[in-house]
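1. need coordinates for the following:
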Amino acid sequence: MNTDINRLLDRGAEQEAAIARWDAVQPHSALLGQITRGALLGAKTYSGVFAATYQGVQVIVRHIARPNAHDLATKMQADLAFVGPQMNAGDCQINQLIAADPAHGVLVASLVPGVPYHATSDPALLEHAGRWHATYVGARRAQAHLSPMFWQKKLKQIPRNGLDGDDLALAQELREDMRFQTHALKGALICRVAGHGDFAPHNFRVHDGVLYGFDTGTAAKVPLARELAHFLLHVALKSDELSGPWGIGDAQVAAFTQAAGLPEAEVGTVLRYFYGWYLYKSILRYARNAGRRARLVALIRLYLDPLG
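-> Just a heads-up that it's a prediction; the model follows:
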């Protein structure tokens, strides 16, 4: 069977499981009892995101079903309660917390307006995303020392997932490049921030010049460069044309990192490291997705090109 079909079947199973988890918890949650479930917008192994109606208003409901769901939902509730009032006006905004039932892993947030980030071709939007991240982080940043071996060990845990042939050889070349960077960056001084958790274009919408972010996490402390590398890779994956070592124009990358407050010294070092880290992780993760795999191969070749 075509491996892309297998991915669709896996996704279908996750969607069915997310709906079943909602149905199982609803009789026990007073909050869910007041909500009319709409379409399932996204599903993962331990979570589901739904369109819904609450007290006559269209909302987004996030249901977390991990063993530590209570702890996660409590932290997410606290982060939205803290950041929400600060990002409820201006051109960098966030979905607002409406209600929560942490005991059952339920968060209810406002529905943001607009079109998906990738629906616009405005090159200035990347700089806007950098400003959004800086607004979200605020004063929650500090200096720290990088422990690249911690991140390298995570890469070892990723299965090959069917990657083979020339693409596997290219991934191994990338892994070797990452190994050299790991030694060079040991103990490097970095900027660490309260992270979004999934800072990527699919968690943003644009409306009347306002960039709305959503699906934030627990504000865990992470390297700023890692958050930005994740966003850049997702932009490059859908760019019409690839250029330079990032797959994106250098000027756009510079505007993005400056707006986000990344120290300039980290751009060619720590940011490059985490960009390569995500490239390696992604080529294994999407080995069965023919289209995504081909784009990642192209990006890895640009990344490894000594001429940039």
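
2. which parts of the protein are strands?
-> Taking DSSP state E, the strands of the chain run over residues 35-44, 47-54, 57-64, 92-94, 97-101, 106-110, 115-116, 141-145, 189-194, 204-207, 210-213, 221-223.

3. which residues does stretch 277-293 contact?
-> 3-4, 6-7, 151, 155, 158-163, 167, 170-171, 174-175, 178, 226, 229-230, 233, 237, 296-297, 299-300, 303 (Cβ atoms under 8 Å, 6 or more residues apart in numbering). (Each C-beta comes from the backbone N, C-alpha and C, glycine too.)

4. which of these fall in helices?
-> Under the assignment DSSP state H, these contribute 3-4, 6-7, 151, 155, 167, 170-171, 174-175, 178, 226, 229-230, 233, 237, 296-297, 299-300, 303 to helices.

5. related to what we said a few turns ago, want to throw the strands of the chain into a markdown table with distance to residue 282?
-> Formatted as a markdown table, the strands of the chain follow (distance: least, Cβ to Cβ, whole Å):
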| stretch | distance to residue 282 |
| --- | --- |
| strand 35-44 | 16 |
| strand 47-54 | 21 |
| strand 57-64 | 24 |
| strand 92-94 | 26 |
| strand 97-101 | 31 |
| strand 106-110 | 28 |
| strand 115-116 | 20 |
| strand 141-145 | 25 |
| strand 189-194 | 22 |
| strand 204-207 | 19 |
| strand 210-213 | 22 |
| strand 221-223 | 18 |
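
6. in CSV, list these along with distance to residue 287 and mean pLDDT.
-> Output for the strands of the chain, formatted as CSV (distance: least, Cβ to Cβ, whole Å; pLDDT from 0 to 100):
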stretch, distance to residue 287, mean pLDDT
strand 35-44, 19, 96
strand 47-54, 24, 97
strand 57-64, 28, 98
strand 92-94, 34, 98
strand 97-101, 38, 98
strand 106-110, 33, 98
strand 115-116, 26, 94
strand 141-145, 33, 97
strand 189-194, 30, 98
strand 204-207, 27, 96
strand 210-213, 30, 97
strand 221-223, 26, 97
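
7. wait, which of the ones you listed is closest to residue 11?
-> When those are compared by Cβ to Cβ, strand 35-44 sits nearest residue 11, at 7.5 Å.

8. compute the inter-axis angle for the closest one and strand 57-64.
-> 50 degrees (axes from the mean of the first three to the mean of the last three Cα atoms, to 10 degrees).

9. hmm, back to that, need the strands of the chain in TSV with mean neighbour count, can you?
-> Converted to TSV, the strands of the chain look like this (neighbours: other Cβ atoms under 10 Å):
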stretch	mean neighbour count
strand 35-44	15
strand 47-54	19
strand 57-64	20
strand 92-94	23
strand 97-101	19
strand 106-110	23
strand 115-116	11
strand 141-145	12
strand 189-194	21
strand 204-207	20
strand 210-213	21
strand 221-223	19
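
10. nearest to residue 135, of these?
-> strand 92-94 (4.3 Å).

11. the closest one pairs with which strands?
-> If you go by DSSP bridges, strand 92-94 pairs up with strand 210-213 (parallel).

12. if I look at residue 286, how far off is residue 90?
-> Plainly put, residue 286 is 36 Å away from residue 90 if you go by Cβ to Cβ, to the nearest Å.

13. which one of the two has more residues nearby?
-> Between residue 286 and residue 90, residue 286 has the larger neighbour count (other Cβ atoms under 10 Å), namely 19 against 13.

14. picking up where we left off before, filter the contacts of stretch 277-293 down to the buried ones, ChimeraX style.
-> Selection of buried members from the contacts of stretch 277-293 for ChimeraX, criterion 16 or more other Cβ atoms under 10 Å:
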select :151,163,167,170,171,174,175,178,226,229,230,233,237,296,299,300,303
